[in-house]
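> Show me how the following folds:
(2 chains)
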Protein chains: 2
Amino acid sequence: MNLIDLLVKTNNTKIIMLVLDGLGGLPDDINGKTELEQAVTPHLDQIAKEGAVGQVIPIQTGVTPGSGPAHLALFGYDPLDVDIGRGILEAYGVGMQVGARDVAIRGNFCTVDKNGIVTDRRAGRITDEIAKPLVELLAEININGLNIDIRHVNQYRFAMVLRGDNLSVNLDDTDPQETGVRPLDPKPNSENAKYTADLVGKWIAEAGQVLGGYEHANMVTLRGYSHNPGLKSFGQRYQLSAGCVAVYPMYRGIARLVGMETIEFDGVNVADQFSAGQRVLNSNDCEFLFVHVKQTDSYGEDGNYDAKVNAIEEVDKTISTLMQANPDVLVVTGDHSTPSRMQAHSWHPVPFLLWAPDTVRKDQAIHFGETECLSGGLGTMHAKDVMSIILAHSGRLKKYGA
Amino acid sequence: MNLIDLLVKTNNTKIIMLVLDGLGGLPDDINGKTELEQAVTPHLDQIAKEGAVGQVIPIQTGVTPGSGPAHLALFGYDPLDVDIGRGILEAYGVGMQVGARDVAIRGNFCTVDKNGIVTDRRAGRITDEIAKPLVELLAEININGLNIDIRHVNQYRFAMVLRGDNLSVNLDDTDPQETGVRPLDPKPNSENAKYTADLVGKWIAEAGQVLGGYEHANMVTLRGYSHNPGLKSFGQRYQLSAGCVAVYPMYRGIARLVGMETIEFDGVNVADQFSAGQRVLNSNDCEFLFVHVKQTDSYGEDGNYDAKVNAIEEVDKTISTLMQANPDVLVVTGDHSTPSRMQAHSWHPVPFLLWAPDTVRKDQAIHFGETECLSGGLGTMHAKDVMSIILAHSGRLKKYGA
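All right, here's what the predicted structure looks like:
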């Protein structure tokens, strides 16, 4: 058992973990500043002055993480011990239940030509309005031996959960990851996966029949077959009631997977999220609030430096809403870096900001940015140690040993 | 299996790892600068400006490494998992084959007086011309049960490989590490090593007979008995074709041991090495080039601060030759520190320079030197993570997890 879990104690403190997805960046060629350094962030800078900064290695040196393992690490789970498939993240994200022997799958609508060759892997990013009725058609398919639950996620994405006896996750993805070729077969990678491969193959064939006449999306691909890894819940481990304010299903899925409550709210922008967060903290329904902001990552992936800068400034303008919930500890960081010049997730360490007026060892930082974080008072830590830092600064860890 | 190995993918990038042996130093008493800081290095400084710096702990805090484990760590092998004996390094260095059950041994010529007392452990560093015929004499020795391969390395050094049944490496070195005493016996350290000890003892006795009449060297000492550890090759692990440009046999041996090609070239100075490196990279025969410069360590061991400074300046003057091969990633570092004021290897962290224009998070460094490396953007890392950093910055690692 993890030492931190053994030392946990409870008190009345409130904690906010604000994750700006893909926060870390690279300097641009014009003035040598990253997106975070370029952004005008007087409020985050003031919080940095009152607190301490550092940087976080998401997984290990040089390793670029997906969002699943990166968030698990921030929540204190060793991302190398826990294998979280895309399927279960999507299924949990839309509130489906997945048992230990069920198989969760991430599905995409796509288009194929008359020879079955993939022409668009995302079916032109069809709208929810077009996709939802297609999901209803797929829900009609019956395969002997399978109990199938299927739900629309958003745009061209859906999630499936297969229930039945002797189901395996040891199958190949059918998404070929390129156009101009046929979808792949759900090939079994072990003897005991042949039965599942056969059933999934039948379902895909039926799906092709059902969708065949539709213009916008006439085929599907499947990937990320996964069981429920049965994680010990966040609440059990840390004796904290935890809530999540996130817009995107996948992050709501990660939060549910570790047993956090997902908080419903109106709106999709940062101000809406922060208001919902403030409300739930003030109502004392929640001691640990995870707030996930997606825009920083999306604009990074788009290669849009200026838009990522603006997204950070948007957070800065409204962060007072969160502070009005009077947290005892606030952490602002990212799950990984998404430098806009790389248009992708990267391995670079992520800026980290800790505000905890009663317990923090303040450092010299007066701005929140990569350069100051590099020499910040918290040094360089691994993401899986972030929860230890948070629990310590909130007085929620007992002394170790006599 | 190592996570990095699982994430490796291929592309067309070219990588140079330039190892200045024993690069790290200590400040002198005159102006408080290390050898690297004292050296005038405009080209390395420019590369530092364009890249990022940091420092590397070769093995673990406080541990002074030999060249074997220090290089293995730089190549991404855990130096605590892999036991590389001196014998196998010498044998590989001169191109001998060593099987998993063979025993490789490093031998020295020495001189003893008429009572068998060692008077010079290195036989006055005899020349190759004197030593080679003596090695030929030793090659004549036959011991029942042993198939013996013996080759001259350089000066007073030779390498041996013993082949036969039931051979063990669990014997004491016979080099007493001091003069005024007899060579030690190859004492067995386990029951199953007695047989080998007996055969090796017989061989040493014969060697003493054969050399007895010679003035320059009339005895031998043996050490570093070792099997082939059977390392998974660098090429297999990283899917990179790798070449080595090194003058000294031992470093060629380390490179061969991990499956690198050793590149033949004329000349022995840094300019010759860099030209050979440029040629092989430009010919596309090699994606990863390891260049080993010995002089920095040799002058450090001699306690010659000024000569070590000059050796670094010599590298700086010619590094443009390497840059003309258009690498995507260049790393300049050392395997360990060899401060001239200590006249020995040391445990001090080693300066590290990374140049990778597309992917590096540039830092504030404007010089390549210990003080700037201490607060560099890459922080302090372990040598065994250097390959992760290199592969990440060359785009040769897949994302981890969904």
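> Can you list the buried residues in stretch A:270-278?
Neighbour counts over stretch A:270-278 (16 or more other CB atoms under 10 Å in any protein chain shown) mark A:Val270, A:Asp272, A:Gln273, A:Phe274, A:Ser275, A:Ala276, A:Gly277, A:Gln278 as buried. C-betas here are computed from N, CA, C, even on glycine.
> Looking at the residues you listed, which two lie furthest apart in space?
The widest separation within the buried residues of stretch A:270-278, taken as CB to CB, falls between A:Val270 and A:Gln278 and amounts to 12.4 Å.
> Make a markdown table from the buried residues of stretch A:270-278 and add distance to B:Val8 and secondary structure to it.
Converted to a markdown table, these look like this (distance: CB to CB, whole Å; DSSP: H, G, I helix; E, B strand; the rest coil):
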| residue | distance to B:Val8 | secondary structure |
| --- | --- | --- |
| A:Val270 | 38 | helix |
| A:Asp272 | 42 | helix |
| A:Gln273 | 38 | helix |
| A:Phe274 | 41 | helix |
| A:Ser275 | 45 | helix |
| A:Ala276 | 43 | helix |
| A:Gly277 | 41 | helix |
| A:Gln278 | 45 | helix |
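> For chain A, what lies in contact range of chain B?
Along chain A, the residues adjacent to chain B under the rule CB under 8 Å from any CB of the partner chain are A:26-27, A:32, A:34, A:59-70, A:79-80, A:83-86, A:89, A:224, A:339, A:342, A:345-349, A:370-371, A:374-375, A:380.
> Can you flag the buried ones in these?
A:26-27, A:34, A:59-70, A:79-80, A:84-86, A:89, A:224, A:339, A:342, A:345-349, A:370-371, A:374-375, A:380.
> Show me those residues that map onto helices.
Where those overlap with helices, as defined by DSSP state H, the overlap consists of A:Ser67, A:Gly68, A:Pro69, A:Ala70, A:Arg86, A:Leu89, A:Glu370, A:Thr371, A:Leu374.
> show me the contacts for the last one.
To tie it back to what came earlier, the one meant is A:Leu374. A:Gln55, B:Asp363, B:Ser375, B:Gly377, B:Gly379 (CB atoms under 8 Å, 6 or more residues apart in numbering or on different chains).
> what's the nearest residue to whichever residue of the stretch 151-300 of chain A sits closest to chain B if we skip its chain neighbours?
Ranking the residues of the stretch 151-300 of chain A by distance to chain B (CB to the nearest CB) places A:Gly224 first, at 5.9 Å. Leaving out its chain neighbours, the residue that sits closest to A:Gly224 by CB to CB, 6 or more residues apart in numbering or on different chains is A:Arg86, at 2.8 Å.
> got the domain boundaries for chain A?
Each domain of chain A is listed here as a residue range: A:3-82+A:231-393, A:88-226, per automatic domain parsing.
> Including mean pLDDT, could those go into CSV?
Output for the domains of chain A, formatted as CSV (pLDDT from 0 to 100):
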stretch, mean pLDDT
domain A:3-82+A:231-393, 97
domain A:88-226, 95
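> Please work out which of those domains is packed deepest.
Most buried of the domains of chain A, by mean neighbour count (mean count of other CB atoms under 10 Å in any protein chain shown): domain A:3-82+A:231-393, with a mean of 21.
> who's in contact with the nearest residue to A:Met96 once chain neighbours are set aside?
Once flanking residues are discounted, A:Met96 sits nearest to A:Val161: 5.3 Å by CB to CB, 6+ apart. Remark: with contacts taken as CB under 8 Å, 6+ apart, A:Val161 is in contact with A:Ala91, A:Met96, A:Gln97, A:Val98, A:Asp102, A:Val103, A:Ala104, A:Ile105, A:Ile148, A:Asp149, A:Ile150.
> how about A:Val161, secondary structure?
The three-state label for A:Val161, taken from DSSP: H, G, I helix; E, B strand; the rest coil, comes out as strand.
> Bridge partners for it, pull those for me.
When bridges are assigned using DSSP bridges, the partners listed for A:Val161 are A:Ala104, A:Asp149.
> now the helices for chain A?
Counting by DSSP H, chain A forms helices over residues A:3-7, A:35-38, A:42-50, A:67-74, A:86-93, A:128-138, A:194-211, A:234-238, A:249-257, A:270-282, A:295-302, A:305-323, A:370-374, A:386-393, given from the N-terminal end onward.
> okay if I get those as CSV plus distance to B:Leu137?
Supplementary listing: the helices of chain A in CSV, determined by distance: least, CB to CB, whole Å:
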stretch, distance to B:Leu137
helix A:3-7, 63
helix A:35-38, 70
helix A:42-50, 74
helix A:67-74, 62
helix A:86-93, 69
helix A:128-138, 84
helix A:194-211, 67
helix A:234-238, 71
helix A:249-257, 72
helix A:270-282, 83
helix A:295-302, 69
helix A:305-323, 72
helix A:370-374, 61
helix A:386-393, 66
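> which stretch among the ones you listed comes nearest B:Asp316?
The minimum distance between B:Asp316 and the helices of chain A falls on helix A:370-374, with 26.3 Å, by CB to CB.
> Now do the phi/psi pair for the closest residue to chain B within the stretch 1-150 of chain A.
Distance from chain B to each residue of the stretch 1-150 of chain A (CB to the nearest CB) is smallest for A:Gly62, at 3.1 Å. Dihedral pair for A:Gly62: phi 80, psi -10, per degrees, to the nearest 10.
> pretty sure it is touching B:Ile389, no?
Yes - in terms of CB atoms under 8 Å, A:Gly62 counts as a neighbour of B:Ile389; the distance is 5.1 Å.
> The residue in the stretch 251-400 of chain A positioned nearest to chain B: what's it in contact with?
For the stretch 251-400 of chain A, the nearest residue to chain B under the criterion CB to the nearest CB is A:Trp347, separated by 4.6 Å. Counting by CB under 8 Å, 6+ apart, A:Trp347 makes contact with A:Pro58, A:Thr61, A:Gly62, A:Val63, A:Thr64, A:His336, A:Ser337, B:Ala392, B:Leu397.
> at 10 Å instead, please
With contacts taken as CB atoms under 10 Å, 6 or more residues apart in numbering or on different chains, A:Trp347 has the following neighbours: A:24, A:57-65, A:336-337, B:359, B:388-389, B:391-393, B:397, B:399-400.
> Can you tell me which of the ones in helices among the buried ones among the residues of chain A next to chain B is nearest B:Phe234?
Distance from B:Phe234 was checked for each of these by CB to CB. The minimum falls on A:Pro69, at 26.9 Å.
> Report the separation between that closest one and B:Ala104.
Distance, A:Pro69 to B:Ala104, by CB to CB, to the nearest Å: 42 Å.
> same check, this time on A:Val200
With distances defined as CB to CB, the gap from A:Val200 to B:Ala104 amounts to 54 Å.
> spatially speaking, which residue is in the middle of chain A?
When chain A is reduced to its mean C-alpha position, the nearest residue by CA atoms, centre = their mean turns out to be A:Tyr251, at 3.7 Å.
> ok, now which ones touch the nearest residue to that residue once chain neighbours are set aside?
With CB to CB, 6+ apart as the criterion, A:Tyr251 has its nearest non-adjacent residue at 4.3 Å, and that residue is A:His292. Shown in contact with A:His292 (CB under 10 Å, 6+ apart): A:17-21, A:67, A:71, A:244-248, A:250-252, A:254-255, A:273, A:335.
> and what of A:Asp266?
With CB under 10 Å, 6+ apart, A:Asp266 has these contacts: A:Asp272, A:Ser275, A:Ala276.
> do the same with A:Gly208
Taking CB under 10 Å, 6+ apart as the definition of contact, the neighbours of A:Gly208 are A:Val112, A:Gly116, A:Pro183, A:Asn218, A:Met219, A:Val220.
> Can you tell me which of those residues end up in strands?
Under the assignment DSSP state E, the contacts of A:Gly208 contribute A:Val112, A:Met219, A:Val220 to strands.
> Specify the beta-bridge partners of the second one.
Beta-bridge partners recorded for A:Met219 (DSSP bridges): A:Cys110.
> ok so, going back, for the contacts of A:Asp266, give me CSV that also has distance to B:Arg121.
Below are those laid out as CSV (distance: CB to CB, whole Å):
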residue, distance to B:Arg121
A:Asp272, 78
A:Ser275, 79
A:Ala276, 77
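> No more questions from me, cheers.
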